[in-house]
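S.K.: How does the following fold in three dimensions:
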Amino acid sequence: MPEIPAAEREEALRRQLENLGDRAVGGWKVGLTSGAARDSMGKGFRPFGYILRERIFETGTVLRLHDFERVGIENELCFRIRNTLQGEASRAEVIAALDGVHAAFEINEQRLGADASPTERIADNLNQWGIVVGHRESLDWQRFDFDQLAVSLLHNADTLQTVAAQGHIDDHFDSIATLVRQLDRFGRALEAGAHVITGSFTRHSITRAGVYRGKFSDPFRPVHVEFQ
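M.R.: Numbering: from 1, shown residues only. The predicted structure follows:
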């Protein structure tokens, strides 16, 4: 994919926020942080997407498959923010502002056709629909080795994918700092209480009903969602 000029990327993010309007935001995603998607719209470009407050669900929630035309699921980590961050937030300031981390799912809805441009996908909120959040974990942020994580996606009892974190995904704290700086350019802050997802480990298009489980290495407890 050819690199998108910076001005076009900025305009797409501006349109995304205009599409948001006055709906309540419960958090944000950091996009293009993992796997083959990294740098696909420009070197180091990590666009944001908003998460609607009404679309943040707890583990065990039930969703209806027929409510979506095309739906996908991704294993993610979801960080909770205790103190508002804005401006040129450093990695250390991000760590000091954290209130916990959860195993989670991002639910994506492919609303655009296959011929949609990258900037159209940014403006359409990077396919974001909602998140499912597991149990809160409190870690030793300075010492915990996120690279040692292995993450699996299961459908009922069958393992669909397993991904090792090392080399696959950007540093989570750097991603959140990037998000803060990007939001600041648009006059926004990362507010206290926000949920932030920092990139996908697995990706799967859902075509079958059933229970989807996200299994992370210790100390994370699993997360699950049922599609009926």
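S.K.: So what does Q128 look like in phi/psi?
M.R.: Note on Q128: backbone dihedrals following degrees, to the nearest 10 are phi -60, psi 130.
S.K.: What residues does it make contact with?
M.R.: Taking CB atoms under 8 Å, 6 or more residues apart in numbering as the criterion, Q128 is in contact with K29, G49, Y50, I51, E106, N108, E109. Where C-beta positions appear, they are placed from N, C-alpha and C, glycine not excepted.
S.K.: Same check on G100?
M.R.: With contact taken as CB under 8 Å, 6+ apart, G100 is in contact with F79, R80, R136, E137, S138.
S.K.: which one among these gets closest to L183?
M.R.: F79 (14.8 Å; CB to CB).
S.K.: quick one: the closest one is in a strand?
M.R.: Yes. Under DSSP: H, G, I helix; E, B strand; the rest coil, F79 falls within a strand.
S.K.: ok, how many other residues are close to it?
M.R.: Counted by other CB atoms under 10 Å, the residues lying close to F79 total 24.
S.K.: Could you check the pLDDT of it?
M.R.: What the model reports for F79 is a pLDDT of 98.
S.K.: for it, what are its contacts?
M.R.: F79 is in contact with L98, G100, V101, H102, H172, I176, H195, V196, I197, T198, counting by CB under 8 Å, 6+ apart.
S.K.: Just the ones of those residues in strands?
M.R.: Here DSSP state E is the test, and these give L98, G100, V101, H102, H195, V196, I197 as lying in strands.
S.K.: Could you tell me which of these count as buried?
M.R.: L98, V101, H102, H195, V196, I197 (16 or more other CB atoms under 10 Å).
S.K.: now, which of those residues sits nearest R181?
M.R.: The shortest approach to R181 among those belongs to V196, at 13.5 Å (CB to CB).
S.K.: Does the closest one touch A177 like I think?
M.R.: No. With contact defined as CB atoms under 8 Å, V196 does not reach A177; the gap is 10.9 Å.
S.K.: top of the contacts of Q128 by neighbour count?
M.R.: When neighbours are counted by other CB under 10 Å, K29 leads those with 28 neighbours.
S.K.: Tell me if I am right that that residue is in a strand.
M.R.: Yes. With three-state DSSP as the criterion, K29 is assigned to a strand.
S.K.: which residues does it form a beta bridge with?
M.R.: With beta bridges defined as DSSP bridges, K29 has these partners: G49, I197.
S.K.: Please report the confidence value the model assigns to the residue lying farthest from the centre of the chain.
M.R.: Here the chain reaches farthest from its C-alpha mean at A157, the gap being 24.9 Å by CA atoms, centre = their mean. On pLDDT, A157 comes in at 94.
S.K.: can you pull the contacts of the residue nearest the centre of the chain?
M.R.: The geometric centre of the chain, computed from its C-alpha atoms, lies nearest to I197 (CA atoms, centre = their mean), at 3.3 Å. For I197, the residues meeting the contact criterion (CB under 8 Å, 6+ apart) are G27, W28, K29, V30, I51, E76, L77, C78, F79, A104, E106, I131.
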